[in-house]
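# Predicted model follows, preceded by the sequence.
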Amino acid sequence: MKTWLITGCSSGIGAGIAKAVLKSGDNAVVTARNAGKLDDLVKDYPDNALAVSLDVCDKNSIKEAVKAANEKFGTIDVLVNNAGYGYRSAIEEGEVEEVQKLFQTNVFGPVELIKAVLPKMREQKSGYILNVTSIAAARSAVGSGYYASSKAAFELLTNGLMKEVAPLGIKAMVVQPGAFRTRFYDSESLQGTKVRISDYETTVGKSRPGNFENKHQQAGDPDKAGEVIVDVVNGDDLPEILTLGAAAVDAVIDTLQGKINELEKWREVSNKCDFE
């Protein structure tokens, strides 16, 4: 039996993972900034579920959540860094304080959580760290440069992490979802710059919060994503990046093929830089 600590469980993929973990018989420490929103997740699993308030931007909150998990279940075997949010802005419009907050939530806070669980994982010579990113990390869209770069940074960080911890018996993996039927695009979840430059209205303007409606018709099912993630971890054969959703796989393949084609096109120019 494994014990999972999952961030961002109030809805979406975080909730889907929590449901799948509990259905599998494993323990789940489910977290959100407001633990009261997690009552429906834990009510049927009094022995295997623990709801904890956690703000990934608060080091003391992280410390207390990890402490509560260890006191309840003795260890944390699987950490899932799922909490995060989006921010829409042209690069020129980006507000420094808001971008810093975005990176604190999407990158630096999760890093602190990784640091908090690794000592015990190193001691027990086992553990799994799953970092949820986005296909935005593979190719950014107009207005999503800051969000995409935060997710890309988290992916490369995970790539380094997995190589560092592999000799210690610990595995790390990127979970890279495409479009899922979640609250990500809802007005209360998706953030946007207050700076508006008119020249960007025909491009970035279309993607600003409030300029489109989230009809919740995305192909991705958060509960199925949770089941897939639990199955992959229990199968113990983890890819470096687990891309979720058929459209996401196609989009990433197209992006990677485009990069390969560009490298081949410019190969001779690139090769001119080497010593004879």
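Cool, the structure landed.
# in the stretch 51-200 of the chain, which spans are strands?
Secondary structure of the stretch 51-200 of the chain by DSSP state E, counting those that start in this stretch: the strands cover 78-81, 87-88, 127-132, 170-177, 191-192.
# out of those strands, nearest to residue 212?
Residue 212 lies closest, by CB to CB, to one member of those: strand 87-88, at 10.1 Å. Quick note: C-beta positions are derived from backbone N, CA and C, even for glycine.
# who touches the closest one?
Here strand 87-88 makes contact (CB atoms under 8 Å, 6 or more residues apart in numbering) with 98-99, 102, 143-144, 146-147, 190-193, 204, 207-209.
# So which of these are in helices?
Secondary structure assignment (DSSP state H) places 98, 99, 102, 146, 147 from these within helices.
# Against residue 83, how distant is the second one?
Spelled out, it's residue 99. 17 Å (CB to CB, to the nearest Å).
# Show me what residue 5 is bridged to.
residue 29, residue 79 (DSSP bridges).
# Enumerate every residue touching it.
Counting by CB under 8 Å, 6+ apart, residue 5 makes contact with 29, 31, 65, 66, 69, 76, 78, 79, 80, 117.
# Format those residues as TSV; extra columns: neighbour count.
Putting these into TSV (neighbours: other CB atoms under 10 Å) gives the following:
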residue	neighbour count
29	29
31	31
65	25
66	21
69	26
76	26
78	26
79	27
80	30
117	22
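# returning to what we had before: can you redo the ones in helices among the contacts of strand 87-88 as TSV with neighbour count, pLDDT and distance to residue 236?
TSV is the format used below for the ones in helices among the contacts of strand 87-88 (neighbours: other CB atoms under 10 Å; pLDDT from 0 to 100; distance: CB to CB, whole Å):
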residue	neighbour count	pLDDT	distance to residue 236
98	17	97	40
99	19	98	38
102	22	97	34
146	24	97	36
147	26	97	32
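# and which of those residues is nearest to residue 275?
Lowest distance from residue 275 to these (CB to CB) belongs to residue 146, with 38.8 Å.
# mind checking how far that closest one is from residue 153?
Taking CB to CB, one finds residue 146 at 11 Å from residue 153.
# Next: residue 217.
Counting by CB to CB, the gap from residue 217 to residue 153 is 30 Å.
# out of the two, which sits in the busier spot?
residue 153 (16 against 7; other CB atoms under 10 Å).
# mind checking how far the residue nearest to that one when sequence neighbours are not counted is from residue 156?
Once flanking residues are discounted, residue 153 sits nearest to residue 107: 5.3 Å by CB to CB, 6 or more residues apart in numbering. Applying CB to CB, the value for residue 107 to residue 156 is 10 Å.
# burial measure for the closest residue to residue 245 other than its chain neighbours, as a count.
Once flanking residues are discounted, residue 245 sits nearest to residue 178: 3.6 Å by CB to CB, 6+ apart. Neighbourhood size, residue 178 [other CB under 10 Å]: 22.
# got the contact list for residue 178?
Counting by CB under 8 Å, 6+ apart, residue 178 has contacts 135, 219, 220, 243, 244, 245, 247, 248, 249, 251.
# Wait, the last one touches residue 138, no?
Yes - between residue 251 and residue 138 a contact is recorded at 7.2 Å, counting by CB atoms under 8 Å.
# May I have the distance across stretch 41-52, first residue to last?
Distance between the two ends of stretch 41-52: 12 Å, counting by CA to CA, to the nearest Å.
# From residue 48, how far out is residue 170?
Here residue 170 is placed at a distance of 23 Å from residue 48 (CB to CB).
# Residue 71 too?
15 Å.
# what's the nearest residue to residue 233 if we skip its chain neighbours?
Leaving out its chain neighbours, the residue that sits closest to residue 233 by CB to CB, 6+ apart is residue 128, at 5.7 Å.
# The one you found reaches residue 238, doesn't it?
Yes - the criterion here is CB under 8 Å, and residue 128 meets it with residue 238 at 7.5 Å.
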